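Peer 1: A structural model of the following input is requested.
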Amino acid sequence: MTRLTRWIALAALALAATSATAADAATVLITGANRGIGLEYARQFKAKGYAVIGTARNPGEATELAALDVRVEALDVTDAASVAALAKRLDGVPIDVLINNAGIGDRDDTSVLATDFAMFERTLAVNTLGPLRVTQALLPNLRAGSRKHIVNMSSRLGSITLNNGNYPAYRASKAALNQVNRSLSIELGKQGFVVVVVHPGWVRTEMGGAEAPLLPDESVRGLVKLIERLAAGDNGRFYDYLGEELPW
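Peer 2: Numbers count the residues shown, from 1 in each chain. Have a look, this model is predicted:
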């Protein structure tokens, strides 16, 4: 090995060590982390050296999440008392990245002309109001973090431009989330935050169904790559898991 190649190798090792240290120092909180995409987020961030906080409505049943040796917290994003209790337990804990992942979708919701209004209200409560409620409650933690990144899990089904029918409640909840995200990006962008909405692709989960083409690890691998490269210029944008920008 020549002196030059030895120097390059040492520099690469130093860079890798610096990256690992940065990851070790970063904390990510993922809502709805007990299954599907949320669980995969926890798995991949943990593997990269992040401190991971994963939430579940019933932590005692989140056995796969607990097996990752991450911090597991109880949270129902539709319950203001539950959200406030989480914020109290995390008082003084800096959070670098918040991923509002908890969500629901009814695959039988196929026609806006046959709306189940109770289901529609529940979908809005979880998918739209939930992320906003959690974000507001954890703002002190995010302000104390170094990255100040908020990632809201949306969907291309929330794009008005791309609407081709079906799933009206889910579409409306994600379109509304996109608007909430835009407002957050405007207000929090002035404080150094980067707030984005992302589409994970059609993923083979309990919600996505067995016919979905993407596995959770494929989707989340792309999303983690996107999250780790977020910069000020990304604030308020709408991306898919490959980093491509989507139309509103």
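Peer 1: contacting residues for the spatially closest residue to Gly192 that is not a sequence neighbour?
Peer 2: Among residues not flanking Gly192 along the chain, Lys148 sits closest, at 5.4 Å (C-beta to C-beta, 6 or more residues apart in numbering). Quick note: C-beta positions are derived from backbone N, CA and C, even for glycine. By C-beta atoms under 8 Å, 6 or more residues apart in numbering, Lys148 lies in contact with Asp96, Leu142, Leu188, Gln191, Gly192, Phe193, Val194.
Peer 1: do Arg143 as well
Peer 2: Gln191.
Peer 1: phi, psi of it?
Peer 2: phi -70, psi -30 (degrees, to the nearest 10).
Peer 1: what number of residues lie near Ile99?
Peer 2: 27 (other C-beta atoms under 10 Å).
Peer 1: give me the three-state assignment for it.
Peer 2: Three-state call for Ile99 (DSSP: H, G, I helix; E, B strand; the rest coil): strand.
Peer 1: from Ala114, how far out is it?
Peer 2: 33 Å (C-beta to C-beta, to the nearest Å).
Peer 1: ok, Ile150 next?
Peer 2: As judged by C-beta to C-beta, Ile150 and Ala114 stand 35 Å apart.
Peer 1: same deal with Thr55?
Peer 2: When Thr55 is compared with Ala114 (using C-beta to C-beta), they lie 33 Å apart.
Peer 1: and Pro216, by the same measure?
Peer 2: 31 Å.
Peer 1: more neighbours, these two?
Peer 2: Pro216 (23 against 9).
Peer 1: give me the element the nearest residue to that one once chain neighbours are set aside is part of.
Peer 2: Counting by C-beta to C-beta, 6+ apart, Pro216 lies nearest to Glu40, which is 4.0 Å off, once chain neighbours are set aside. Element membership for Glu40 (DSSP states H and E) is helix 36-47.
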